[in-house]
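Asks: fold the following and give me the result.
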Amino acid sequence: MLVKTFSSAVHGIEATSITVEVHISTGTKYYIVGLPDNAIKESWQRIESAISTIGFRMPRQKIVVNLAPADIRKEGSAYDLSMAVGILAASGQMPDRLLSDYLILGELSLNGEIQPIKGALPVAIQAQKDGFKGIMLPEVNAREAAAVQHIDVLPVNNLKEIVSFLSEEETIAPLRLDIEQEFLNHINDYEVDFADVKGQENIKRALEIAAAGGHNVILIGPPGAGKTMLAKRLPTILPPLTLDESIETTKIHSVAGQLREQSALMTIRPFRAPHHTISDVALVGGGSHPQPGEISLAHNGVLFLDELPEFKRSVLEVMRQPLESRSITISRARLSVDYPASFMLIAAMNPCPCGYYNHPEKECICGSAVVQRYLSKISGPLLDRIDLHVEVTPVEFNELASNRISENSKSIRARVITARKAQEARFITSRAIHCNAQMGTKTVRDVCNIHEDGKRLLQNAMERLNLSARAYDRILKVARTIADMEGAAHIANHHIAEAIHFRSLDRENWAG
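Replies: Presented below is the predicted three-dimensional model:
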C-alpha cells in the first residue's frame, strides 16, 4: 500500500515542502531514498521503538520511503514523525484521510515523545503558501510557528496524540496568537539602559549619531574606560524592530536553533559578541551543511567585536564584502545558500598591547614599533568601512561618584527615530538604501551637497590631519546624519566639523 505524508526541508532561511511516500510490499528490508543524510538513515531504530512503545506494530515487510523531490538533500531528524505516521497508515493501522491536510515534523524519542526541531517559522510560512490546512510539530516550537497567521498550528507531545487525532478519536486545539500584541508587549525588553552609564557624554553622542545613521563605530581606549558597557547599550537606542524585520530575524535564529524555548518572535534587536578566537566560518557562516554565522545572527541588530586586533586577520577580512553587500552567499559543490547580514558593526580595542598608550595618567610600556604593529592588525580596507572612530577616555572619580541621573535610552531613541524617519523619506524611492550609512558614492554626491565654506573646511582638515582619501565620503555621510538629527535640510559647517572630529584616527600612517 502507498501512503503520502508531508514534511519540510530548510535551506538557508527558506523552506521547501517535502512529500514522504511510504510503500509497503512483500519482502523484509527497509529502504530510505531521496538524498537522506545519516540522521535520517538512522531513524529506523527510533521509529520502530516509538511505534512499539505506543502499542502498535512495526511491519515485518519491505518498506520503501521516498523523500520527494529526490534531488534535494534532506538533513536532520525532523522527518521521523512524518515517516512513522506514513508507516502506520500504509500498514493499515490508522486511516490516511487527513494526511494530505497537514504538514508533520518532529524528532521521535524511543518512547514516542517528540523532540524540538529547527526552522519551525520558515516551515510554517512555506506550509501556508502551499495551502496546507495546518502543521503538526513539537509543542516547544508551536509559539514560533503560530507567528504565521491563517494556518492551524497543532502542538503535540508524542506520537500517540498524532495517531489519535488523525484517526479522529481525539482533537488537538490549534494554538492561536495575537502576533501584533505579542510583538508590542515585548518590544522594549532590554535589561540595560544608557542611564546606567556615568559620564562619557561625548561617547554617548557618537553612539547616538551611529544609531541615527546606521554607521559602524570603533571605540579605542584603555581597559576599564567603559567601551563594552557602552557597546552593549547601543541596541537600546536603535529604532524598534518592525514586524517584518522581527519575522526575518526570527527565521535566521530559528534555522540556527538559537531561539529560546516557547518563544514566538524576536522582539528586540540582536546583539552578538563573539569571542576573538572565533573562526572565519563561524563568523560569516558555512560548514559542510551551511549554517548562518554571527554576522547573520546579528542581522537587523549589532555585531560587537571586542579586542578587535586579537581577532585573526583572515577572520576580519572575510567581513569586508558582507559589510558592503549586507548579505553573505555560501557556496558549496551542490548548493548555494544566501543569508542576510545587515548589521551595525561596533568594534572596541586598546590603543596598544598594554592598553595605556596616550593614557592621561598611566605610562605605556610598549615601544613605538610595538604600538604601530598592534594598530596595523586592522587593515585599511576594513577601517574604510567604519564611519566613526571614537577615542574613549577613563571616567573621572567625581563623575563616577556623582548622583546626577544620566539621560535614559528612551529619550535618546526618540531622537534617533526622528532622524531615521527623515532618511526614510529621503530614500523612499530606493529599495537598497534605508539609512545614510548605506549610501553609495553617487548617492553621497547627490544628497550631501555642501557650500564652498564647507568644502574649504573639509579640505583644510584633510590636509592638516593627514586624513586619507577614504575619509571623505565617510565624513559627508556622518555630517548628513548630524544634520538630520537637527532637522536641517542642508549640511552646515558645524555638522562637518563634528563629523571630522569623529575621523581623527583615520590618518595615513595609522593602521593599514
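
Asks: would you mind giving the domain segments of the protein?
Replies: Domain assignment for the chain by automatic domain parsing gives 2-177, 194-407, 439-512.

Asks: the first one: end-to-end distance?
Replies: Across its full length, domain 2-177 reaches 37 Å between end residues, using Cα to Cα, to the nearest Å.

Asks: do the longest one as well
Replies: Taking Cα to Cα, the first and last residues of domain 194-407 lie 7 Å apart.

Asks: show me how far it is from its chain's centre.
Replies: Here the centre of domain 194-407 is set off from its chain's centre by 13 Å, with Cα atoms, centre = their mean, to the nearest Å.

Asks: state the mean pLDDT of that domain.
Replies: The average pLDDT for domain 194-407 rounds to 88.

Asks: check the first one too.
Replies: Mean per-residue pLDDT for domain 2-177: 94.

Asks: repeat that for the shortest one.
Replies: Mean per-residue pLDDT for domain 439-512: 83.

Asks: buried stuff in the biggest strand by length in the chain?
Replies: Identified as the longest strand of the chain according to DSSP state E is strand 14-25. For strand 14-25, the neighbour count (16 or more other Cβ atoms under 10 Å) marks 14, 15, 17, 18, 20, 21, 22, 23, 24 as buried. Where C-beta positions appear, they are placed from N, C-alpha and C, glycine not excepted.

Asks: try stretch 197-206
Replies: 197, 198, 199, 200, 203, 204, 205, 206.

Asks: dihedrals phi and psi, residue 444?
Replies: phi -60, psi -40 (degrees, to the nearest 10).

Asks: for it, give me its contacts.
Replies: By Cβ atoms under 8 Å, 6 or more residues apart in numbering, residue 444 lies in contact with 473, 476, 477.

Asks: with respect to residue 37, which of these is nearest?
Replies: Residue 37 has its nearest neighbour among the contacts of residue 444 in residue 477, at 46.0 Å by Cβ to Cβ.

Asks: what about stretch 437-456, start to end distance?
Replies: End-to-end distance (Cα to Cα), stretch 437-456: 24 Å.

Asks: what's the spacing between it and its chain's center?
Replies: 31 Å.

Asks: assumed residue 153 was part of a strand.
Replies: Yes - counting by DSSP: H, G, I helix; E, B strand; the rest coil, residue 153 falls inside a strand.

Asks: how close does it get to residue 392?
Replies: 48 Å (Cβ to Cβ, to the nearest Å).

Asks: next one: residue 336
Replies: Taking Cβ to Cβ, one finds residue 336 at 41 Å from residue 392.

Asks: for residue 314, same thing?
Replies: Applying Cβ to Cβ to residue 314 and residue 392 gives a distance of 27 Å.

Asks: same question for residue 302.
Replies: On the measure of Cβ to Cβ, residue 302 and residue 392 end up 17 Å apart.

Asks: mind putting the buried residues of stretch 197-206 into a markdown table with secondary structure?
Replies: Formatted as a markdown table, the buried residues of stretch 197-206 follow (three-state DSSP):
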| residue | secondary structure |
| --- | --- |
| 197 | coil |
| 198 | coil |
| 199 | coil |
| 200 | coil |
| 203 | helix |
| 204 | helix |
| 205 | helix |
| 206 | helix |
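
Asks: which two of these have the greatest separation?
Replies: 198 and 206 (16.6 Å).

Asks: now do the phi/psi pair for the most centrally placed residue in the chain.
Replies: Closest to where the C-alpha atoms of the chain average out (Cα atoms, centre = their mean) is residue 297, at 2.5 Å. The phi/psi pair for residue 297 (degrees, to the nearest 10) reads phi -70, psi -20.

Asks: that one contacts residue 256, doesn't it?
Replies: Yes - under the criterion of Cβ atoms under 8 Å, residue 297 makes contact with residue 256 at 6.3 Å.

Asks: my read is residue 148 is in a strand, agree?
Replies: No - counting by three-state DSSP, residue 148 is not part of a strand but coil.

Asks: neighbours of residue 452, how many?
Replies: Per other Cβ atoms under 10 Å, the neighbour tally for residue 452 reads 7.

Asks: no no, residue 399
Replies: Other residues close to residue 399 by other Cβ under 10 Å number 14.

Asks: can you tell me the closest non-neighbouring residue to it?
Replies: residue 199 (3.7 Å; Cβ to Cβ, 6 or more residues apart in numbering).

Asks: still on that earlier bit, for residue 336 and residue 392, indicate the residue with more neighbours.
Replies: residue 392 (19 against 12).

Asks: quick one, phi psi at that one?
Replies: According to degrees, to the nearest 10, residue 392 has phi -100, psi 130.

Asks: tell me where the stretch 1-150 of the chain has strands.
Replies: 2-11, 14-25, 30-33, 62-68, 102-104, 107-108, 114-115, 134-138 (DSSP state E, counting those that start in this stretch).

Asks: can you tell me which residues contact residue 420?
Replies: Here residue 420 is in contact with 212, 239, 435 (Cβ under 8 Å, 6+ apart).

Asks: next one: residue 217
Replies: 206, 207, 210, 344, 345, 346, 347, 386, 387, 388, 390.

Asks: now which of these would you call buried?
Replies: 206, 207, 210, 344, 345, 346, 347, 386, 387, 388, 390.

Asks: look up how far residue 227 lies from the last one.
Replies: It stands for residue 390. Counting by Cβ to Cβ - residue 390 and residue 227 are separated by 9 Å.

Asks: residue 148 contacts residue 126, correct?
Replies: No - between residue 148 and residue 126 there is no contact under Cβ under 8 Å: 9.4 Å.

Asks: what helices or strands is the helix or strand containing residue 478 leaning on?
Replies: Residue 478 belongs to helix 471-486 when elements are defined using DSSP states H and E. Here helix 471-486 touches helix 201-213, helix 409-426, helix 441-447, helix 452-464, helix 493-501, going by 3 or more Cβ pairs under 8 Å, 6 or more residues apart in numbering; DSSP states H and E.

Asks: could you export those helices to TSV, including columns for distance to residue 113?
Replies: Shown next, in TSV, are those (distance: least, Cβ to Cβ, whole Å):
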stretch	distance to residue 113
helix 201-213	45
helix 409-426	43
helix 441-447	55
helix 452-464	67
helix 493-501	59
